[in-house]
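Undergrad: sequence below, structure please.
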Amino acid sequence: MKRYTIYILIMFSGMSVMARQPERGYRGFVDWSNDCVIDPGFLIGEGGDSEIFMGGTTSHGYQFNKWLYVGLGAGVQYNLDWKEYENERNQDKFIIPVFVEARTDHKWGWFTPFFSVRLGANCSDGGGVYFSPTVGYRFDWGRRVALNLGLGMSLYGTRQYYREHVYLPEGGITLGDWYRRAGTHVKPTIRLGFEF
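TA: Numbers count the residues shown, from 1 in each chain. Predicted structure coming up:
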């Protein structure tokens, strides 16, 4: 196992040494995208409310110079922990972002980092804002092809259902009617992408 790990590290190191900046013109991305909130209660044997959204995004646009890209994109992510019978109508089933993306690519010696910002709208669950900054590393396979690994945050808005709490005159609380209100969520993001 150590031998395979060393081979993979040497391969990625070699790609970075020969790394070149992207060329001017069309540029496209396809990403496997994951937003997740993991409740660490499982470490001590307790359950917790975890949400893992898994899916993909794509972005297509124009590379203006060696370091600036601007494009339009969309995607869909499904909540792997969504269960209708446990949901109580307040957990998101999908995130469907539509966004504008701005990205900068850099080359500092053999080190090839990137920074990306996506701004747009979440089109699921009544809609809301979508904002996702990401910082990562570009493994260059040539001027037109590369593998990208990024970490960041995703902020998105939805309309959520909540249950009204009614205070009883004799004391205590009972649950009343359902109503909707805007909600905002922030989740850590991991992206593994291919560019062409």
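
Undergrad: quick check: mean pLDDT across stretch 34-54?
TA: Mean per-residue pLDDT for stretch 34-54: 72.

Undergrad: swap in stretch 94-110?
TA: Here the average pLDDT along stretch 94-110 is 93.

Undergrad: same question for stretch 138-152.
TA: 89.

Undergrad: what segments of the chain are strands?
TA: Taking DSSP state E as the criterion, the chain carries its strands at 25-37, 51-63, 68-79, 94-95, 97-105, 113-122, 128-140, 146-167, 173-195.

Undergrad: pipe those strands into JSON lines and attach mean neighbour count per row.
TA: (Each C-beta comes from the backbone N, C-alpha and C, glycine too.) Compiled in JSON lines, the strands of the chain are given as follows (neighbours: other Cβ atoms under 10 Å):
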{"stretch": "strand 25-37", "mean neighbour count": "18"}
{"stretch": "strand 51-63", "mean neighbour count": "18"}
{"stretch": "strand 68-79", "mean neighbour count": "17"}
{"stretch": "strand 94-95", "mean neighbour count": "20"}
{"stretch": "strand 97-105", "mean neighbour count": "19"}
{"stretch": "strand 113-122", "mean neighbour count": "19"}
{"stretch": "strand 128-140", "mean neighbour count": "19"}
{"stretch": "strand 146-167", "mean neighbour count": "17"}
{"stretch": "strand 173-195", "mean neighbour count": "14"}
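
Undergrad: okay, the residue of the chain most remote from its centre: pLDDT?
TA: Checked against the mean C-alpha position of the chain, the extreme residue using Cα atoms, centre = their mean is residue 170, at a distance of 47.9 Å. Listed pLDDT for residue 170 reads 85.

Undergrad: repeat that for residue 14.
TA: So, for residue 14, pLDDT stands at 49.

Undergrad: kindly report the same for residue 6.
TA: Residue 6 is assigned a pLDDT of 63 by the prediction.

Undergrad: and for residue 185?
TA: For residue 185, the predicted pLDDT is 81.

Undergrad: surely it is in contact with residue 159?
TA: No. Proximity of residue 185 to residue 159 does not meet the contact threshold set by Cβ atoms under 8 Å, at 12.0 Å.
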